[in-house]
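K.L.:
requesting a structural model of the entry that follows:
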Amino acid sequence: MPRSTETEITVIAEIENAETFPVSKVKRRTSLVGQVFASETAVRQSIVSLADQAVASITNFLTGIIIARACSKEELGLYMLGFSVVLFMMDMQTSLITTPYMVYAPRLKERAHALYTGSTLIHQLAFCLIALLGVMCGAFAVSNGIGIRALGPVLQSLVVAVSLIMLREHARRVSFARLRLKTAFIFDACIAVGQISGLLVLAHFRLLSASRAFWVIGLVCGIAVLGWLWSDRGFYEPRMSESLADLRKNWTLGKWVFASGLVWVLSVNLYPWLLAAFDSIASTGVWAACLGVVSVGSPVIMGIQNLIGPKVAHVYAAKGHVALRGFVFKTTAFVAAPVSFLCLVMFIWGGRLLTSFYGPQYAGNGLIVAILALNVLISALAFSFSRALFAIDRANLDFLVNFTALFIMITAGLWLVRAFGPLGAAFGMLAANSLTSAVRAVAFLKLPGRISIGQDAI
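P.N.:
Numbering: from 1, shown residues only. Sure, this is the predicted structure:
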């Protein structure tokens, strides 16, 4: 199938499931369900989606470079540890809150949709409170000599900033679910300008540190979220009684996605903490810089995955398991070409790119960049198999498969980190991801051809 046609079908499938907005609040910009959209509209939607992902990825990339250039390896390492906490919280909220919203919201209209969106906002605020209390406990523990003492200022800044950053991610994903792609793009672009400008000002006056970086990010995200809530106030109607019923419904759908994501995030996000505990915080900074270089191609990779993800479910719903297998093989081959090229670039020039972006103090770590690039290739090739398991309502199987990565991390990965530092962490992650991806692919291919689709299949 030509790429343009596939993109069009993907976007049409999403638009056909889009919610009906309150006509008194906003001018209807889409046609009724089932209407065929012009290819120009589909391409425009795809371009805006890719542009938004590029803005978000570039913002994180430039943030790491600014901190690395203006501060020491230790400060970059501390920022990496704090950012891993933020990523963990965002992954959990995505599984429990926004993933169910993307499934259920398109089925609702007018006030029912506003009530469910309001329930989602209540759930998000409650989860932010839980995250705040968790970070507060961590900051209290560090201040009393438990854990990494240098992490204290970062955790103190995250007590406030983590909730604001999580609300920013919530606003983005709700906008995506409602196909308000331009809104999401403008939202992320404003945050990018404010965040990068604030960090550059602190760097110019030699005031930048990991903790102050999170203060800037939290402040910018908070201002942007307030603007989003005000401009979007006609689309949500919070009701506590409704939110409790919606929470039970969301848990029915999201529990396996949450459990699978929890195991996977732990198996990946613990590597910088292992480096800080068994090597040094400076080595965590090296790890962050190497990951940053590899993330150069992430906008393209994530953009491709954003197109493939909905299409996997669409193919299974329309044509069944046999067609899904064929589509998974085709998309895997399709993704292999551009990601292999990125991997080759990193193998040849990864060391040079590392010192060019982050400075000469990070020289000599080209092999780590190359290994992490190979890890990205394996993850990209396994993506379709993971989404296929979700599509056939076997998220529970994906959850069990992820224990492979966790087991390798706490055994071979732990030994490799203690013996070889960041290089050992890279080899440990590669081993865990390779074996887990192989097991996931075999698990999907071994499933029988006829599988019933659950009512709440993702």
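K.L.:
after the helix or strand in which Leu397 is found, which helix or strand is next?
P.N.:
When elements are assigned from DSSP states H and E, Leu397 belongs to helix 395-401. Using DSSP H and E, the next helix or strand after helix 395-401 towards the C-terminus is helix 403-408.
K.L.:
for that next one, which outside residues touch it?
P.N.:
With CB atoms under 8 Å, 6 or more residues apart in numbering as the test, helix 403-408 has contacts from 263-264, 266-268, 428, 431-433, 435-436, 439. Every residue, glycine included, has its C-beta placed from N, CA and C.
K.L.:
ok, stretch 150-160 next?
P.N.:
With CB under 8 Å, 6+ apart as the test, stretch 150-160 has contacts from 74, 78-79, 81-82, 85-86, 132, 135-136, 138-139, 142-143, 209-212, 214-215, 218, 281.
K.L.:
buried subset of these, written for PyMOL?
P.N.:
Written as a PyMOL command, the selection of buried residues from the contacts of stretch 150-160, which uses 16 or more other CB atoms under 10 Å, is:
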select buried, resi 74+78+79+81+82+85+86+132+135+136+138+139+142+209+210+211+212+214+215+218+281
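K.L.:
helices - which of the contacts of stretch 150-160 land there?
P.N.:
Among the contacts of stretch 150-160, the members found in helices (DSSP state H) are 74, 78-79, 81-82, 85-86, 132, 135-136, 138-139, 142-143, 210-212, 214-215, 218, 281.
K.L.:
state the mean pLDDT of the host helix or strand of Glu242.
P.N.:
Using DSSP H and E, Glu242 maps to helix 240-269. Across helix 240-269, the average pLDDT comes to 83.
K.L.:
try stretch 290-306
P.N.:
Rounded mean pLDDT across stretch 290-306 is 83.
K.L.:
how far out from the middle of the chain is that stretch?
P.N.:
Relative to its chain's centre, stretch 290-306 lies at 11 Å (CA atoms, centre = their mean, to the nearest Å).
K.L.:
next one: stretch 319-334
P.N.:
Distance of stretch 319-334 from the chain centroid (CA atoms, centre = their mean) equals 24 Å.
K.L.:
gap between Phe390 and Gly285?
P.N.:
Using CB to CB, to the nearest Å, one obtains 35 Å as the distance from Phe390 to Gly285.
K.L.:
quick one: which of those two has more around it?
P.N.:
Neighbours were counted for Phe390 and for Gly285 using other CB atoms under 10 Å; Gly285 has more, 32 against 21.
K.L.:
would you confirm that the more buried one contacts Gly64?
P.N.:
No: with contact defined as CB atoms under 8 Å, Gly285 and Gly64 do not form a contacting pair (9.7 Å).
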